[in-house]
Each structure stands twice: as C-alpha cells, then as structure tokens.
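1. Using only what follows, build the 3D model:
(one chain, ligands or ions: 1)
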Amino acid sequence: MHISISNFLQRSRNYDASVTSKTHFRLNNQTLVTVHGPGVIEFEPVGGGDSFIYSCGIHGNETAPIEICDELVQDILKEELLLCHRVLVIFGNLDAMNKQTRFIDENLNRLFCNTHKEGIQNNERRRAAFLEQCVEDFYAKDKGEVKRVHYDLHTAIRKSINDKFAVYPYTHGKAYSLEQLAVMSACGVNTILLSHSSTATFSYYSSHFFNANSFTVELGKVMPFGQNDMTKFEKVNTTLRHLITSNDNNPEFNSEGMVLYRVNQNIIKNQADFTLHFGSDAPNFTGFQKGEIIASETGKEYIAEKGGEAIVFPNADVPIGQRALLTVVPISINELDTI
Ligand SMILES: [Zn+2]
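-> Reported below is the predicted structural model:
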C-alpha cells in the first residue's frame, strides 16, 4: 500500500489524521483509492466500469453491515479483490458507532435531500451534508453511460417475519427494475416494500437525484459488534463482492419466492396518547384481519382496511407529527410497470 490506511474503519472512528482530509493513492494493481474523509473511501479500477455505492452504519448500532463493508474495504486494500467497477463505501454515523447507539442527536436517515439544512446544525445534519456531497462527487465522475447502484445496508430494530427485506424508494412512476429485484433475491432478500412517496432517506436521495438503482436493505435484527451470526449474511456478502468484481453482474429475475408489498396506510402520531394495539415485540410484517384495530389515539382509531394488511416499522415513541408506523398489503409483480 502506498500509504498505510489499513484498518480504514478503525482509523475513521478514531478520526486518525491519515483519513480526515481528502487523499489519493494507487494500489499496486493500479486501482485508484480516494479517501474523501472519515468513513468514506472510493476505489476506481483502471477502465472504470459501473458506479456502485455501498453504505452502512447510517444507524450507528447496526453492526452486521458495518462488519461486512469493513472486511470488503480491507480486502480491496490488500488487493485480494480485483475490482471491475467503481465503488464508494460509506460508513455513515461514526460518532454513533463509537457510542454503540442508533444516533447522537437525531435519525440520520431522515436528513437527506437537503433536510439537513433546516434547523439547528448537529452531528447528524453535518454528516448528511457531507455524505450527499460525496455521492454527488462520485457519480459526477462516472465513466460514460454506466449503471448507478446504491445499496444502503441496515439491520432492523425489531424482528421481522421476513428476516431480510428491502425498501424500493418511490420511483415517481418510473418502471421497477427486474434486474435489481434479482440482485436482491441473490442477496437473500425476498421481501420488497415499494415506497409510496418521497422521503428524506439516503436511498431515496441517490435514486431521485442521481437516477441510481437504490434500496434500503434491512438484513435482520440489530446485534452488538462481534455478536452477529455472519453465516446469516453469507448470500449478501458474496453477492456484494461478486457485483463489483465481475462483468457478468446482471442476474435473471425469478419471481418465485419473492413477495412485494405496497404501502396502504402511513400512520402519523397526532396525540401524546398514541397507542399500538399489538405487542411491542410483534415482528415487522405481522398481518391483521380486515377490521382489526391496529393503533389508536384520542379521537381516532386506525383499522386494518384489507385482509392480510401488515405492520412495518412501528414506533409509538416518535415525536408528535412523525410517522408511527406503516401498513402494507401484498401486490403482484404483474400489477407493476417493470423494465
Ligand atoms: Zn437502520
């Protein structure tokens, strides 16, 4: 290595001087390495290729994807992986990682698409601004007409009936990519939630502003560093590595076993007494019968409108005015406009 940045993640978490300002160097295999700043590193093989972004740790305590990306970066730096495509790896919230918490001041994944500019600046708002700039700079250097990809890797707070699932950001009517659904399937992600509106998430940002093929990928339940059963992540790990080291990275879509959901209700907490009518440990995608009460607050009851309507991301403790949960219903692939 030209300069030593082994243990890039550890150096980033320590704000080591070797990673705090922008630097470039080449590996012996001629891959150009650019350190954008703490937690953000870019690799460009000779010849360019497609443009992949893998982000993790947007929530600091979601350790499994951080461990996957950490090993990936180390293997590229050790020249054990030879890239065919450009890759930007982002470790999102370093301060929250150090404190083993989801965030310091507020949820980083609600601050993209310029939301970070509003209000009082804090750790996460400054970080969102920096990460947006890194994404913009990375895609600005595309080598011609290339495919843009961004997988924002997470683990969920609660268990899920479908252990792994991905959120397909709102496309504003653009066709859904079967090739991308096939990639998710190869990652072991067979449940896809189709988002219904613009959001301030990282994946929506790259999808909407840069036309990237983006997903928020939820890979299972949050565990402390070192306590993840990494065998559960073998498919995603293998697929993420294959995609960037092969020119044969367009898997065929097979709808078998894949379940798609569309959002039915976006339930906002309007009163302090907002209550969920199911156990706090109910897994994501728990289904309800038509007419069952899902949640209530003074003046309003929220009821399952369809049979099999399921809950996702419930959290009664959000501030008033924020989303307390989504409900979703299954949708057939044949009902969608696909490409
Ligand atoms: Zn997360």
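
2. use CA for all of it now, contacts and neighbours both
-> Fine.

3. and the residue in the stretch 201-339 of the chain positioned nearest to the ion, helix, strand or coil?
-> Nearest residue of the stretch 201-339 of the chain to the ion (CA to the ion) works out as Glu218 at 7.3 Å. Secondary structure, DSSP: H, G, I helix; E, B strand; the rest coil: Glu218 is strand.

4. same check, this time on Tyr204
-> Applying three-state DSSP: Tyr204 is helix.

5. Who are the contact partners of it?
-> Pro169, Tyr170, Ser198, Ser214, Phe215 (CA atoms under 8 Å, 6 or more residues apart in numbering).

6. Need the per-residue pLDDT for it.
-> As predicted, Tyr204 sits at a pLDDT of 98.

7. count of neighbours near Phe233?
-> 18 (other CA atoms under 10 Å).

8. So what's the residue count around the closest residue to it other than its chain neighbours?
-> Distances taken as CA to CA, 6 or more residues apart in numbering place Leu219 nearest to Phe233, at 7.6 Å, with adjacent residues excluded. As a burial measure, Leu219 scores 25 neighbours (other CA under 10 Å).

9. need the contact list for Leu219.
-> Contacts of Leu219 by CA under 8 Å, 6+ apart are Pro65, Leu153, His154, Thr155, Ala156, Asp163, Lys164, Phe165, Val189, Phe233.

10. Closest to the ion out of these?
-> Nearest to the ion among these: His154, at 4.4 Å, using CA to the ion.

11. Packing partners of the strand or helix carrying the closest one?
-> Element membership of His154, judged by DSSP states H and E, is strand 148-156. For strand 148-156, the elements it packs on are strand 51-56, helix 63-77, helix 202-210, strand 213-221, judged by 3 or more CA pairs under 8 Å, 6 or more residues apart in numbering; DSSP states H and E.

12. For Arg262, which of these is the nearest?
-> When the helices and strands packed on strand 148-156 are compared by CA to CA, strand 213-221 sits nearest Arg262, at 14.8 Å.

13. Closest one of the contacts of Leu219 to Ile267?
-> Nearest member of those to Ile267, counting by CA to CA, is Ala156, at 19.0 Å.

14. picking up where we left off before, could you export the helices and strands packed on strand 148-156 as a markdown table, including distance to Phe112?
-> What follows is those, written out as a markdown table (distance: least, CA to CA, whole Å):
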| stretch | distance to Phe112 |
| --- | --- |
| strand 51-56 | 14 |
| helix 63-77 | 20 |
| helix 202-210 | 6 |
| strand 213-221 | 13 |
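
15. filter the contacts of Leu219 down to the ones near the ion?
-> Contacts with the ion within these, as defined by CA under 5 Å from the ion: His154.

16. For the residue of the stretch 201-339 of the chain closest to the ion, give me its contacts.
-> Contacts of Glu218 (CA under 8 Å, 6+ apart): Leu153, His154, Thr155, Ala156, Lys164, Phe165, Ala166.

17. Restrict those residues to the buried ones and give me that as a PyMOL selection.
-> If you want just the buried ones from the contacts of Glu218 in PyMOL, going by 16 or more other CA atoms under 10 Å, the selection is:
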select buried, resi 153+154+155+156+164+165+166
